[in-house]
Each structure stands twice: as structure tokens, then as C-alpha cells.
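# Take a look and give me a structure for this.
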Amino acid sequence: MTLPSGAHADAPSTTSLADRLAFSLWIPAAIAGALTTAVGRLLDAEDLVRWAVMTASGGFVIYGVDRLRDLERDRHTSPDRTAFIERNQTSFRVALGLAALVLVASAVGSAPASLALCASLGAVGLLHRRLKRAPAWKSIYVSLSWTGICVGLPWLAAPDATAESAAALALVLFPTFWANLVASNLRDDEAALRPAPALRFARAALVFALAAAWLVPTDLAPLAWLPVFEFLALARFRATEHYGHLAVDGALLAGALATHLQLTLA
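You can find the predicted model right below:
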């Protein structure tokens, strides 16, 4: 339910646990941190704690700024999330400021190449408000950005990583992110997609990502959990805000955590 025009953060809160889990930005932050370190473990990258903190706080900042700047537009496409942010705007801004401080602290002492990668992809994220006016391209450039940061940072920190290993990782992660973004577009109806064919294409992309995880020369089998969990989420897709954030986005987090578990038990 949306708030009446003019309602503010100090309105009485009826926030549920589901709202807090879905709309408080912890999911994209956790995905970024967990997936970057999972890729780092596959590549034997160094300084994994730094990359986890940097990507998690960076994801929080980018998504937080976008949601605060675009409240009016999101009121129509994501009314429940918008209402949550308006009810909790003060705490939302405080958390955003703290995440920005953590991001700066984690960036201190990082290699110039890593900082350049973060700055360039962060700029794309901050331009998301303008870029998403062409929603047909949203799933592509956002997927490229996620792939770039989750592969690029650990790859730059892995002494023995090769260009072939980066390409192999991209073959698994890009189609997985793309399928996730297609479902996101269906949820908010920004791209006016036809649900049935869009979901078929998204599921086909996940099958491709699963095959890539098993068939590429580099041993990326543990990453197969990402397309598996995402496929399960899209198999019973529902175009609701809670399902989109908790199930569709949460599937990426579940896949990253399952990858960590398999690497730990191996």
C-alpha cells in the first residue's frame, strides 16, 4: 500500500519483517560481498576481506542513492518499496552515510587498477537513474556492471589469474545476472515485456550459465549453484515486489553462499 502524497518518514511505522528483509538494501550488499569473495576463492585472490567490504558497501551506496533520488518514479513501479523508504527515510540516510564511510575506508590502500575499476563501474551505477530511461538496455548494462565488479576485483588481486579465467567466469555470471534483471523488469513492468517469452529467454540463459560452469576448461563447477538457485526462483516466478527481492534476488545470495560451502567442504 502506498503512502498518501506528503507522508514522511516520521509517519507511524507498520513495517513488517518481510519489508525489512526485502527493501533495506542488505540483499544487494550481501550478494556483492559473498559473490566477490566466492570468485576470489576460485581464483586464489589476495585480500578477500577488503574486496568483500568494498563491494558490499559500494552496492549499498549505489542502490541507496538511486532509490532516494528516484522516489517519485519508483512510486509507480515499486510502491511498497517506496513506502518503506519514506517511512524509514532518516534511518535509511544514516545507514547510507555509514556505508559510504566504510566504502572510503576499505578503498584506502587499494591498488590503482582496482580503484579505477570501482570508480568506472560506480559511475555507471550513479548514472542508473538516467540510463534506465531506456529499460530495454537496463538488463544488459546492469548485468555487465555486476559481472565487471564481481569478476574484476578478485581477478586483479589474483597473481596467477589469466584472461581465459576471467572470460570463463563471465560466461557463468553474466547470463545469470541478465536472467535476474529480466525478472526484475517483469516485476516493475518498466520494459513492457511479455512475461511468458521473457521468462523462457531468462531460463534458457540460466541453462547456458549452468552448462558453462561445468564445461569451461577452468574449474568453475561450484559457481553452478548460482544459475541453479536462480532457475528455481524463476520456475515459479511471481511479479510481486517481495518475491522479486526475496526470492529472485535472494537466489543470487543463496547461490553465492552454496558456492562458499562447497569450496569449504571440498
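
# all helices of the stretch 1-150 of the chain, in order?
For the stretch 1-150 of the chain, applying DSSP state H, counting those that start in this stretch gives helices covering 17-23, 26-43, 48-69, 71-77, 79-87, 89-107, 112-126, 128-131, 135-156.

# Among those helices, show the one with the smallest mean pLDDT.
Mean pLDDT across those is lowest at helix 128-131; the value there is a mean of 58.

# returning to that earlier point: most tightly packed of the helices of the stretch 1-150 of the chain?
Highest mean neighbour count among these (mean count of other CB atoms under 10 Å): helix 26-43, with a mean of 24. (C-beta placed from N, C-alpha, C; glycine too.)

# Can you name every helix or strand that that helix contacts?
In terms of contacts (3 or more CB pairs under 8 Å, 6 or more residues apart in numbering; DSSP states H and E), helix 26-43 is packed against helix 48-69, helix 135-156, helix 163-188, helix 250-265.

# returning to what we had before: the helices of the stretch 1-150 of the chain: which one's closest to Thr264?
For these, the distance to Thr264 is smallest for helix 26-43, at 8.9 Å, taking CB to CB.

# orientation of the closest one relative to helix 163-188 in degrees?
Per axes from the mean of the first three to the mean of the last three CA atoms, to 10 degrees, the angle that helix 26-43 makes with helix 163-188 is 160 degrees.

# Now do the same for Ala158: helix, strand or coil?
Of the three states, Ala158 takes coil under DSSP: H, G, I helix; E, B strand; the rest coil.

# Now do the contacts for it.
Counting by CB atoms under 8 Å, 6 or more residues apart in numbering, Ala158 makes contact with 40, 43-46, 165.

# Let me have those in JSON lines, adding distance to Glu241 as columns.
Putting the contacts of Ala158 into JSON lines (distance: CB to CB, whole Å) gives the following:
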{"residue": "Gly40", "distance to Glu241": "32"}
{"residue": "Leu43", "distance to Glu241": "35"}
{"residue": "Asp44", "distance to Glu241": "39"}
{"residue": "Ala45", "distance to Glu241": "35"}
{"residue": "Glu46", "distance to Glu241": "39"}
{"residue": "Ser165", "distance to Glu241": "37"}
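
# coming back round to it: relative to Pro175, tell me which of the helices of the stretch 1-150 of the chain wins on proximity.
Smallest distance to Pro175 across these (CB to CB): 8.1 Å, for helix 135-156.

# got the CA positions of the closest one in CSV?
This file holds the C-alpha atoms of helix 135-156, laid out as CSV (Å, rounded to 0.1, in the frame of the first residue of the first chain):
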residue,chain,number,x,y,z
PRO,A,135,14.6,0.0,-19.9
ALA,A,136,15.4,-2.4,-22.7
TRP,A,137,19.1,-1.8,-22.0
LYS,A,138,18.8,-2.0,-18.3
SER,A,139,19.3,-5.7,-18.0
ILE,A,140,22.4,-5.5,-20.2
TYR,A,141,24.4,-2.7,-18.6
VAL,A,142,23.5,-3.7,-15.0
SER,A,143,24.5,-7.3,-15.7
LEU,A,144,27.8,-6.1,-17.2
SER,A,145,28.4,-3.9,-14.2
TRP,A,146,27.7,-6.7,-11.7
THR,A,147,29.9,-9.1,-13.7
GLY,A,148,32.7,-6.5,-14.0
ILE,A,149,32.9,-5.8,-10.3
CYS,A,150,32.4,-9.4,-9.1
VAL,A,151,34.9,-10.8,-11.5
GLY,A,152,37.2,-7.8,-12.0
LEU,A,153,38.2,-7.1,-8.4
PRO,A,154,39.2,-10.6,-7.4
TRP,A,155,40.8,-11.2,-10.8
LEU,A,156,43.0,-8.1,-10.4
